[in-house]
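> prediction below, plus the sequence it came from.
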Amino acid sequence: MSAGGDGWTSLPFVNASANQSLGTPYVRVGVQLLVGTAAPAVAIGFAGRQGAKWGGVLVGSALGLEVEAY
């Protein structure tokens, strides 16, 4: 037998980014950092027992190269 349900949570986050020109205004390198948390965490249960918990701290990062063509 299976069961389904919906879980609702919010994800407040902070996003910071910076970029630097590489000697010309047409080429830039950038870095981005995202830090957040799921509140409240969502518990996933199996057979009346908690099997997993989704939530907690989220950390993401990105590094990029931007080239302006026009």
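Ah, there it is. Please read all numbers here as calculations on a predicted model, not as lab measurements. Residues are numbered from 1 along each chain as shown.
> the closest residue in space to Ile44 that isn't next to it in sequence: neighbour count?
Once flanking residues are discounted, Ile44 sits nearest to Ala52: 4.4 Å by CB to CB, 6 or more residues apart in numbering. (Glycine included, C-beta is placed from N, CA and C.) Look at Ala52: counted by other CB atoms under 10 Å, it has 9 neighbours.
> and Ala52, how far from Arg28?
For Ala52, the distance to Arg28 equals 41 Å [CB to CB, to the nearest Å].
> show me what Val42 is bridged to.
Trp54 (DSSP bridges).
> going forward, count from 21.
Renumbered: residue one is now 21, and that last one reads Val62.
> contact partners for it?
By CB atoms under 8 Å, 6 or more residues apart in numbering, the residues touching Val62 are 27, 29, 73-75.
> what's the answer for Gln40, then?
Contacts of Gln40 by CB under 8 Å, 6+ apart are 48-50.
> give the helix, strand or coil label for it.
Put simply, Gln40 is strand when judged by DSSP: H, G, I helix; E, B strand; the rest coil.
> for it, list each beta-bridge partner.
Beta-bridge partners of Gln40, counted by DSSP bridges, are Val49.
> and the pLDDT at it?
As predicted, Gln40 sits at a pLDDT of 95.
> Thr29 now?
81.
> surely it meets Gly75?
Yes - under the criterion of CB atoms under 8 Å, Thr29 makes contact with Gly75 at 6.4 Å.
> what about the two, which has more around it?
Set side by side, Thr29 and Gly75 give different neighbour counts by other CB under 10 Å, the larger being at Gly75 (15 against 12).
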